[in-house]
Structures are given as structure tokens and as C-alpha cells.
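just a sequence and a predicted model for now, questions to come.
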Amino acid sequence: MTGRNRFVLVLEEKFANSFRIEPSSRYEECVTVTAEPGRSLTDLLRSDIPVGSNVLVIAEDDRLLATPAVEVGPGRTVASVRAGPGHLALDQLRTILESLEKSDPATARQGAEELAEALRVAGGLVLEDPLTESLAKMTFATPTWSWTDTSAFQPGTAQSAPAGRQRLAADGEGTVVTGQIAVKGWPVVRSRTPDSARCQELFERLSPLSHYPLVLTVEDGAVTDLRAAETGSAKAAEALKQLFAADPGHGRITGLEFGLNTAAPQLPFNSESNAASTGKAKASVHLVLGSLPSTNYQVLLDCATSTLMALGGSTALAGPGTAAPARPRRRMNRVIAAGCGCH
């Protein structure tokens, strides 16, 4: 966040005594605003947060995490950090805040540009998982990027933090997705209306995917079958089936979202950090189901064991195939000497 002379920390009331602002020469003024139960970010921007502010929001309540761009205005920059439920919330928030300090917008921007250039000449993509032998193809005439958020917080909008994501549209004219896709990793659930409790509930039902893969059969962009590759992912499959039954739009693949932030952590709660994180790869890839606001929810499913390549190519563009080779472990010889107490 740059270009503002005032820093405002907005804390949901439950976190009011957990954070403080250290003095900084970067800002003329640093202010903490406590949001009482029932208040929204829109309320606070209208009455408590002056124009010319960089704003960081820490909250669990969805009403404090997002607001229309018109409410932010060009004179404010807003970054919002979602807190998780339970007794680990403060530790998780500390991890996210540390990752914000380490995030490098230039690296994320370079990754986004390289990915866009590779896809510009690809003509299509192949997503392959050797563990489940799943393979899917996405064909298009011209790639359409429906959203880019490359770690630099911009004025005029409320952005989720940590940032560093780029989304390729999969529901446009001439784009076809067909095959089998293996999903594994922490999911992300987004909602059309403020409903953090319901999102967290759906997240928890999908959380077995953090350990167990699920294979989705896709025909012309629609999920037609779900196969639990291991018994642990059966619960997640049932949750998705119920979601698709409630609204078939939830079962349509609307995009591939790429994580570009090498500093963002992967966390065991419904956090946008899971979407931004690259993991050990250069870029992560996530399947996007549903489309806000057309559907009640949008679900991101990590493809942590699948590598993305250009159609007919052999170079990995995202996924584990882009990870740096692991360094060989050095073997240490143990020396036991008389009198050392080791024998």
C-alpha cells in the first residue's frame, strides 16, 4: 500500500486487544478502529475512515471484509484479512501478517506475465495427475483472463489479503473443458452474500481433500461424475453432489485460478491465502466451480498433484511440475567416542 499519509487498522471487536500498531515514519497518523458487532465495512468507510487512508481489516465477519468499490473510492486502499474460527485464529493471523511482509508484488507480476505469454500461444491446456492417472484438456482460440490480482494493493477497491492470483476464464464462447481432473488440497469457498458460517461449514465438509484426492469427470465444462480416489474424500464428494443438486450452476467449471504468491501460507480454514499460495511450485492451479453472483457459492478446488502444460507441449506451466528440484540431504556420519555418553 503506497501513496497515503494515514494508516487505519480495522479490528473486529473480538480482536480489539490482540493487535497494536508500532510507530512508523512512513505515515503521519496511525489509527485503530474497533468494529462493534453488526457493523459493516461500508458503515466504517462512510463514518470512521477518512479519505487518504491505507486500510487493513482483520475480521471473521464477512460484512467487514468486502464492500463495493464505490464505497472505497479512489482516495483509499483497503486490504482485508479473514480470521479463522477457533482457538488457533490468532496464530493463523500472525502467519498471514508475516506473509504480507514477505510478499513480493514484482515476483507475482512477473509470474503472471510469463503465464499469460505462455497461454497466448498455447491454443489449449492439459492438466494431468500421475497419481490417479487423470487427464483433462481445455481448448480455446484466445485465452481470456477474467481477473488478475498480483500482490500489489490498489486504491479504489477492497482486496483480500494475501493477494497474488490470476484467473483464466473457462466459460467463454469457444472454450471447452473435458476429461478427468484430480483435486487435492485446501479448498476456498466464496459466497454471494455475507455468510461466513455457511462458507466455513462447506469448507469443513470439503477439507478431507487436503489429504485425499477426488476425481471429477467433466464433459463440456460440466461436472458429470465424482469418484473418491480414496475413502477419505467420499465426504467431500457428497458435499459437492448436494451443492450441484441445489443449483447445477455450482457444477460448471468457470475458470482456472493460479496462485502466484510464494510467501502466502496454506491454512486449515477458509482463507484466500490458500488460493494465492504457490505451495512448493512456481504457480499453483485451482479449479473454479460456480460463478458469483449467478450462483450462491463459488468453490476453488486445489489441483495440488496435477501439472498444467500447453496442449502438445512438455513444459510445465503450473503445478508440482514447476517446483524446484529438492536438494539432496547430506548424510552425516555419527562418531561415537568413549566417555561421550552415547553408548
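Great, that's in hand. Numbering: from 1, shown residues only.

for the stretch 151-300 of the chain, just list every one of the helices.
Along the stretch 151-300 of the chain, counting by DSSP state H, counting those that start in this stretch, helices occupy 196-206, 234-246, 273-276.

Pro37: which of those is closest?
helix 196-206 (13.2 Å; C-beta to C-beta). (C-beta placed from N, C-alpha, C; glycine too.)

tell me what that closest one is packed against?
strand 188-191, helix 234-246, strand 297-302 (3 or more C-beta pairs under 8 Å, 6 or more residues apart in numbering; DSSP states H and E).

JSON lines please, covering the helices of the stretch 151-300 of the chain and showing distance to Ala152.
Formatted as JSON lines, those follow (distance: least, C-beta to C-beta, whole Å):
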{"stretch": "helix 196-206", "distance to Ala152": "26"}
{"stretch": "helix 234-246", "distance to Ala152": "34"}
{"stretch": "helix 273-276", "distance to Ala152": "13"}
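
any idea which of the helices and strands packed on helix 196-206 is most buried?
Each of the helices and strands packed on helix 196-206 was scored by mean neighbour count; the highest is strand 297-302, a mean of 24, by mean count of other C-beta atoms under 10 Å.

got the CA positions of that one in PDB?
What follows is strand 297-302 as a C-alpha-only set of coordinates in PDB (Å, rounded to 0.1, in the frame of the first residue of the first chain):
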ATOM      1  CA  TYR A 297     -21.200 -20.000  -3.900                       C
ATOM      2  CA  GLN A 298     -18.000 -20.200  -5.800                       C
ATOM      3  CA  VAL A 299     -15.700 -23.100  -4.800                       C
ATOM      4  CA  LEU A 300     -12.000 -23.300  -5.600                       C
ATOM      5  CA  LEU A 301     -10.500 -26.800  -5.600                       C
ATOM      6  CA  ASP A 302      -6.800 -27.100  -5.500                       C
END
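
need the contact partners of that strand.
Strand 297-302 has contacts (C-beta atoms under 8 Å, 6 or more residues apart in numbering) with 183-192, 199, 202, 206, 209, 214, 216, 240, 243, 250, 254, 257, 274-275, 284, 286-292.

who does it pair up with?
strand 188-191 (antiparallel), strand 284-289 (antiparallel) (DSSP bridges).

how far does that strand sit from its chain's centre?
Chain-centre distance of strand 297-302: 9 Å, with C-alpha atoms, centre = their mean, to the nearest Å.

ok, back up a step: nearest to Leu267, out of the strands paired with strand 297-302?
Using C-beta to C-beta, the strands paired with strand 297-302 put strand 188-191 closest to Leu267, at 10.3 Å.

in stretch 114-124, which residues are buried?
Leu115, Ala118, Leu119, Ala122, Gly124 (16 or more other C-beta atoms under 10 Å).
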